[in-house]
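K.L.:
give me a 3D structure for the following:
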Amino acid sequence: MAEPVHGYPMEHDDEIDRRDSGLRLALTVLFVIVEGVLETVVAVIVVFSLLVAFVTRQPPSPRLRELANRILAYRYRIGRYLTYNESRVPFPFSDFPDALEEEAWRPSETESKALGLPPREPYEAREDLDEEP
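P.N.:
Model prediction:
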């Protein structure tokens with residue numbers, strides 16, 4: 001048995017072959033690039049979702065929220081792989097991950113309620129704007 005590292009015994013079987021290290025290095029570079037692209041994709045989804053919610057006063061479609069959730073799950077898997085917390089190589093070398101959590105957005109749990117703000121009065125059209133001077 002080799003010397004313990006940080007209190008954990010290191011078995012001889014834990015050593016990584018040089019060829020595997022080279023492959024891991026190449027995959028790490030690839031997934032760092034993929035992570036950067038995904039960060040941009042998530043930012044675009046966030047901005048688009050905010051615009052949709054602002055214009056329509058409705059949440060974005062469930063399909064868009066599901067897509068965002070699955071992309072976030074994929075980013076999580078990439079992060080685990082890059083930090084040696086998971087040995088399974090992420091998509092496209094394995095299946096694309098399912099969403100990590102179920103949809104948790106509820107119409108009754110708005111930001112105003114969470115921040116303790118008073119409810120807003122409903123919008124009422126002003127009649128005097130329709131009249132011509």
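
K.L.:
show me the contacts for the residue lying closest to residue 100 once chain neighbours are set aside.
P.N.:
Excluding the flanking residues, the one nearest residue 100 by Cβ to Cβ, 6 or more residues apart in numbering is residue 73, at 4.6 Å. Backbone N, C-alpha and C define where each C-beta goes, glycine included. By Cβ atoms under 8 Å, 6 or more residues apart in numbering, residue 73 lies in contact with 97, 98, 99, 100.

K.L.:
now, these that are in helices?
P.N.:
Residues of the contacts of residue 73 located in helices (DSSP state H): none.

K.L.:
about what we covered before: and the residue nearest to residue 100, what helix or strand is that in?
P.N.:
Assigned by DSSP states H and E, residue 73 belongs to helix 62-82.

K.L.:
can I get the CA coordinates of that helix in CSV?
P.N.:
Provided in CSV are the C-alpha atoms of helix 62-82 (Å, rounded to 0.1, in the frame of the first residue of the first chain):
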residue,chain,number,x,y,z
PRO,A,62,-42.9,24.2,-20.3
ARG,A,63,-40.8,22.9,-23.2
LEU,A,64,-38.4,25.9,-22.9
ARG,A,65,-38.2,25.4,-19.1
GLU,A,66,-37.5,21.6,-19.6
LEU,A,67,-34.8,22.4,-22.1
ALA,A,68,-33.1,24.8,-19.7
ASN,A,69,-33.4,22.3,-16.9
ARG,A,70,-31.8,19.5,-19.0
ILE,A,71,-29.0,21.8,-20.1
LEU,A,72,-28.3,22.7,-16.5
ALA,A,73,-28.2,19.0,-15.7
TYR,A,74,-25.7,18.5,-18.5
ARG,A,75,-23.5,21.3,-17.2
TYR,A,76,-23.6,19.7,-13.8
ARG,A,77,-22.4,16.4,-15.2
ILE,A,78,-19.6,18.2,-17.1
GLY,A,79,-18.6,19.9,-13.9
ARG,A,80,-18.5,16.6,-12.0
TYR,A,81,-16.4,15.0,-14.8
LEU,A,82,-14.0,17.9,-15.0
